[in-house]
Structures are given as C-alpha cells and as structure tokens.
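[1] Could you work out the structure for the sequence below:
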Amino acid sequence: MKETTVDSAIKEMSVVFPSPADVQEIPLSPEKGDGAFLRTYQLTRWPLVNHALDMVDRRLGGKAGYVQRLVSYLFLGGLAALVNLIVFDLIFSFLHLPFDLSTQARNMLASICAAECSVMTNFLLNDHFTFRYLPGARRPWPQRCLRFHATCLVGSLLTFVLEFSFFSLAHVPALFAEMIAIVLVLIYNFTFHHIFTYRSARHS
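    Next comes the predicted model:
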C-alpha cells in the first residue's frame, strides 16, 4: 500500500519520540566513580542529543526523561497554541454571525472555541509522542482523553480569566492577551499531566 504524507510525517516524528517498544532501558556507563543506572529518557536518532541527555541523567540524578518530555511538550504545545490563536482570530475578527454580539461576548465565544480546538490538538499530539511511555498511557483512549480534558479544563479557565482580564481591564489587544495567557498557563498544564493525567493507574 502506498505510504501517505501523514504516515511519513508520523514515522519521522516517531524516530525523534520513539515508543517503549522501540527503546530498551540501557545502563549508563559509570563516570568518575558514579554507579551505573538506567536511562530515564527515550533514545533519539542523534548521538549528540543522546549524549547530552546522558549528562542530564548523571548530573540531575535521572531527570533526563522529564527534560525530554518538557522539550517535546513545548514543541507540540507550540503547534496547539498556534491552532488556538488561529481559531481565536478567525472567530473574533472574521466570523460573520446571523446575530449581533458585543465585543466582550464575541471575545468569550472565540476563547471557548479556541480552547477546545487547542486541547484536542494538544491531546492527540502529546498522547502519541510525549506521554505515551508513562504508566497512565496504558489506560483506554477515552479515559486518557477525559483525564487530559479535566486537567486542561482548569488551564482553559485560567487562560480565559487571564485573557479576559488583560483585554477588559488592562486594554491589551485581544490576540496579544490570549498569547500572554497561554504562556502563563503552560507550566500548570505540563505539571498536572504528570501528576494526574498520566499517573500510574491503581490496581486493586
């Protein structure tokens, strides 16, 4: 069967963010008297990047996996943020509705629609590439999606409150207010995806 452009793109990204089946945990070689320990990250196609992550594991006591996930989350989250801004601007600036809305109401509608589009984009990308080797990734897809939404719901509410406050109270242009709010909520989302969305499932 002929490989599609989407299949090719997913294959390329899978090389950068491999699955647990692709990579085995390999003991690091002891350095300067340190004992050997297991890599906490997933190997990439670039030896220089792997070496840098090895150094992070040694210097930070096994935090390279966290750093790798953060970089992946920031990159993929940037794509989701771009979706957020595009949807927000299209609805706020260009959508023609059959009824009149105040500027504040249009701003609210644009924020809600942009938030949901951004959350789904974030989930689909990060579930497949960033968090798929964490224990919680073994849950069924609908459960992961619901938990991801639950985590992002608070983040979306924070984004809306911050954006609306900047726009209405500080008179920051709507698009820039949305950008500032997204950046401020980023750390909250990443942290709670670790401690709630993809935490290990409890077994009875």
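
[2] Once you drop chain neighbours, what's closest to residue 92?
    residue 110 (3.9 Å; Cβ to Cβ, 6 or more residues apart in numbering). Placement of C-beta: from N, CA and C, glycine included.

[3] Show the pLDDT at the one you found.
    Here the pLDDT value assigned to residue 110 is 90.

[4] Quickly note the distance from residue 191 to residue 73.
    Remark: distance between residue 191 and residue 73 (Cβ to Cβ, to the nearest Å) = 10 Å.

[5] Show me which of these two is the more surrounded one.
    Taking other Cβ atoms under 10 Å, residue 191 and residue 73 do not tie; residue 73 has more neighbours (22 against 11).

[6] That one contacts residue 190, doesn't it?
    Yes: at 5.3 Å, residue 73 counts as touching residue 190 under the criterion of Cβ atoms under 8 Å.

[7] got the contact list for the residue nearest to residue 92?
    The neighbours of residue 110, taking Cβ atoms under 8 Å, 6 or more residues apart in numbering as the test, are 87-89, 91-92, 95, 174.

[8] Also residue 81?
    Per Cβ under 8 Å, 6+ apart, neighbours of residue 81: 118, 179, 182.

[9] gap between residue 134 and residue 199?
    With distances taken as Cβ to Cβ, residue 134 is found 8 Å from residue 199.

[10] the more surrounded of the two?
    residue 134 (17 against 14).

[11] Pull the contacting residues for that one.
    Residue 134 neighbours (Cβ under 8 Å, 6+ apart): 194, 198-199.

[12] Could you rerun that using 7 Å?
    Applying Cβ atoms under 7 Å, 6 or more residues apart in numbering to residue 134 gives the contacts residue 198.

[13] Just read off the phi/psi values of it.
    phi -80, psi 160 (degrees, to the nearest 10).

[14] So that it lines up with my notes, have the first residue be 53 from now on.
    All right, first residue 53 from here; so that's residue 186.

[15] quick one, domains of this structure?
    Domain ranges of the chain: 57-114, 117-249, per automatic domain parsing.

[16] Need the winner for burial among the ones you listed.
    The highest average neighbour count among the domains of the chain, using mean count of other Cβ atoms under 10 Å, belongs to domain 117-249 at a mean of 17.
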